[in-house]
Structure formats: C-alpha cells, structure tokens
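1. Model the structure of this input:
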Amino acid sequence: MANLQKIRNGKRTYAITPHIPGGFITADHLIKIGEVTKKYKGVVKITSGQRILITNLKEEDIPHIWEELGMVPAVKEQNSIKNVEMCPAGFCKRSKVNSIGIGMKLSNKYQWKEMPCRTKIGVAGCLNACGSVYSKDIGVIGDKDGYKVTAGGSAGFHPRLADVLATGLTEREALEYIDRLILVYEEYAEPGEKLGFLIDRLGKEQFCEKVISRG
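-> This next block holds a predicted model:
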C-alpha cells in the first residue's frame, strides 16, 4: 500500500507510512527504516501524526520495501481511525498520569476501525495536552483528579476546538465512555460527517445524553 506523490516531469513517485503505535519505536525498527530507505533511495519525513513517512519511492519497489521493513501500513482505509497520538507521559516530568497505558489500549482496540469519517484520537498525561489533543476527534487527558474525555476537535479545512464531555473518570470509565461515544457516532453520523459536525448538528447536551444512555 502506497500513496502517489506529486508528479514531476512525468515521473511518478510513491510514499508509504508504517504503523508506529503511539509514536514509540524500537531502535532496531528505526535502524531498519533507515537501512531500507537508503537502499531504495527514499526520503524520510517525520509526520505531525507521530509517524515516519518514506517518500520518493518507485512503484515496483513498494512490495519489496514492505517485506523488508516487516511492518504494516498506518492507514488502510480513508474513513477509519487513522491513529492514536500520545504524549511521552510516563517519561515526562510534567505528567500527572502515565497515560501511555490507556493510549495503547485505545490503539490496540481501535486502530484501523472503519468510521463514518477519518478519525484521530489524542491522549495526554496532563492539562498541557501535548500532541494537540483538543484538535483531535476524540481526546483523553489525564490529571490528578482523573481523566477527561473530549470530542469533536479538528485542525483541518474547518478548524474546531474539541468539547469537554466528561471529567474525573477512572481509566476504566474513560475507556467505557469512549466505547459508547464511538457507538453513538457510528449510529447517528451521516456518511463523511466529522464527529464535531455531528455534535454541532445534534447539540452537545443531546449528544452527551445519547452517550450516557448507552451505559
């Protein structure tokens, strides 16, 4: 799987983006990416989504590159949960909660899940909300008093700040709330409708009532 990049002088090149859960990658995988990129004369770009994009690749080389990397694509379907972005949490002196655990649970459960529209999840371990959590469709922010869940953020064509839907949750409660939130999104959204647009269409209070009633 690869994306066609800009055509220059009739030359077609492609890019791939391997899945890197939460942006955490082993040294061995990082070395492998460098070796394979160098072998096929690619160009490495660190993306805003905590991933590594390898571009300037030839179409005929793509299958060999994936095989040699031993990794899987970060995105398989456009309208899906594209990634779960996480702050360093347990490694950061500012974090109030080691939110890497809840982030990985969300990644393992929801990565690649088909959705009404492309969806991003952000997870942070303090109120600084590093990783632009408030611009994500779904967000989880940890604090001393528990987790808060946000929804409806977007940094795209129509920027929107996420709404805070619930606060003071335990990890289990936050995970269950997101489970219900996603069910409501799947049921009520129109095809291609971003989560924030659905919240605006239904109204925040009504949307929250539908989420709570799923419990």
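2. close enough to count as contact, residue 132 and residue 121?
-> No: with contact defined as CB atoms under 8 Å, residue 132 does not reach residue 121; the gap is 11.9 Å. In this view, the C-beta of every residue, glycine as well, is placed from N, C-alpha and C.
3. Between those two, which is the more surrounded one?
-> residue 121 (24 against 16; other CB atoms under 10 Å).
4. ok, what's across the strand from the nearest residue to residue 47 once chain neighbours are set aside?
-> Residue nearest to residue 47 in three dimensions, not counting chain neighbours: residue 53, with 5.3 Å by CB to CB, 6 or more residues apart in numbering. Assessed by DSSP bridges, residue 53 has beta-bridge partners residue 45.
5. if I pick residue 53, what's in contact with it?
-> 15-17, 44-47 (CB atoms under 8 Å, 6 or more residues apart in numbering).
6. Could you list every helix and strand that the biggest helix by length in the chain packs against?
-> Of all the segments of type helix in the chain, defined by DSSP state H, the longest one is helix 171-188. Applying 3 or more CB pairs under 8 Å, 6 or more residues apart in numbering; DSSP states H and E, we find helix 171-188 packed against helix 100-110, strand 138-143, strand 146-151, strand 163-169, helix 195-202, helix 204-213.
7. Pick the most deeply packed of the ones you listed.
-> Among the helices and strands packed on helix 171-188, ranked by average contacts under mean count of other CB atoms under 10 Å, first place goes to strand 138-143 (a mean of 26).
8. That one to strand 163-169, inter-axis angle?
-> Going by axes from the mean of the first three to the mean of the last three CA atoms, to 10 degrees, strand 138-143 is angled at 40 degrees with respect to strand 163-169.
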